[in-house]
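1. Just the structure for this:
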Amino acid sequence: MTTTTKRYHKIDGWRGYPVPALAIVGASDTGGYDDSPCPSREVKAELRRFQREVLKPRGIASRTRIGHSSNVFCVKRWIVVSKEDFDKSAKLAVQWLHAFRYNTQFIHDADLKQIGYEHDSNIE
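-> Numbering: from 1, shown residues only. Predicted structure coming up:
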């Protein structure tokens, strides 16, 4: 089910942002200011947690890509994987995000539902 094209997260008729083709999770990052709603340090820690708990134990290499959002004060951080690992990683991401939805604050899927990846309650 691998897609090699960028996805687009549409917010409304004139706002949205691109999602890298091989991104599996992402998070908004509003910098390191005292009043940042998505502080860089916490966002990076949450993304590293996902890499440490989900990808690294399975030998899946990943890296972070930075993209823009529709908010001038915010960037998007994306975890991307290789094309060969995308399908497995996307399935794992959806399951992990569901399992930890109450103790994560910033991380979200990379619009995986758009391309057919949804939580499967039979895989708990």
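2. residue ranges of the strands in the chain, please?
-> In the chain, the segments counted as strands under DSSP state E are 7-10, 16-19, 23-29, 62-68, 75-81, 108-109.
3. which secondary structure elements does the shortest one contact?
-> When you say that, I think you mean strand 108-109. strand 23-29, helix 86-99 (3 or more Cβ pairs under 8 Å, 6 or more residues apart in numbering; DSSP states H and E). The way it works is simple: take the backbone N, C-alpha and C, and place the C-beta from them, glycine included.
4. Show the contacting residues for the residue lying closest to residue 24 once chain neighbours are set aside.
-> Leaving out its chain neighbours, the residue that sits closest to residue 24 by Cβ to Cβ, 6 or more residues apart in numbering is residue 93, at 4.4 Å. With contact taken as Cβ atoms under 8 Å, 6 or more residues apart in numbering, residue 93 is in contact with 24-25, 50, 54, 109-110, 112, 117.
5. With residue 30 instead?
-> 36-40, 73-74.
6. And it, how close does it get to residue 76?
-> According to Cβ to Cβ, to the nearest Å, residue 30 and residue 76 sit 11 Å apart.
7. Repeat that for residue 11.
-> Residue 11 is 12 Å from residue 76, by Cβ to Cβ.
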